[in-house]
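J.: got a predicted model here, sequence first, then my questions.
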Amino acid sequence: MSTARGRDAAVLPADPADPAPAGRGQAAPRQAAPGPANAIRLGPRVRRLIRSVARVVNPVVLRFAGGRHLPVLGVIHHRGRRTGQHYATPLGIRPAAAGGFVMPLTFGEEASWYRNVRAAGWCVITWRGDGHTVADPVIVDRAAALPAFPRYERLALRLIGIRQFVWLRSAPAAGDSA
């Protein structure tokens, strides 16, 4: 089996213990085993500072994130779990070979966007100008997720200590019955 490498690579290694999804011919990525979380641990003051900066930076980044010419950034459209308010969050997103998308969980499982998506069970991702409905967030380990990223991003993710990634599977179209 040959593996695509480079900018458009979207590879998640198959776990031989997992059965292949019907019609795909590829096994789903393995879930992260309980263990050390991401290396980035921030105190409450730093988290408040990041939120303040994000309120200024995110609207600027949203102007070009998710477009055709910037595949590094995508946009997750999700609804607040308590308020019901709609949010758009720019993130580093890559397509997964097993279907759906994978993204680093940089600030851990306490990130608001992740908690909102987990509570709803689905969201819409804008990547390369197209909207994709995805569902069933699963935390996967570094070994399963990193092949979806180009070499320079894999290196950066390792250097900053990211060990957790979220894999969101492509949701079936509304008209599909299965």
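T.: It's in. Residues are numbered from 1 along each chain as shown.

J.: quick one, strands of the chain?
T.: Secondary structure of the chain (DSSP state E): strands at 73-79, 86-92, 94-95, 101-104, 122-127, 130-141, 164-170.

J.: could the ones you listed go into JSON lines alongside mean pLDDT?
T.: Rendered in JSON lines, the data for the strands of the chain read as follows (pLDDT from 0 to 100):
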{"stretch": "strand 73-79", "mean pLDDT": "95"}
{"stretch": "strand 86-92", "mean pLDDT": "93"}
{"stretch": "strand 94-95", "mean pLDDT": "94"}
{"stretch": "strand 101-104", "mean pLDDT": "94"}
{"stretch": "strand 122-127", "mean pLDDT": "95"}
{"stretch": "strand 130-141", "mean pLDDT": "94"}
{"stretch": "strand 164-170", "mean pLDDT": "93"}
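
J.: which one of those lies nearest to residue 47?
T.: In terms of Cβ to Cβ, the element of the strands of the chain nearest to residue 47 is strand 86-92, at 15.4 Å. From N, CA and C alone the C-beta is placed, and that goes for glycine too.

J.: so what touches the closest one?
T.: Under the contact criterion Cβ atoms under 8 Å, 6 or more residues apart in numbering, strand 86-92 has outside partners 58, 61-62, 65-66, 72-80, 103-104, 113, 116, 153.

J.: are any of those residues buried, and if so which?
T.: Neighbour counting by 16 or more other Cβ atoms under 10 Å classes 61, 65-66, 73-78, 103-104, 113, 116, 153 among these as buried.
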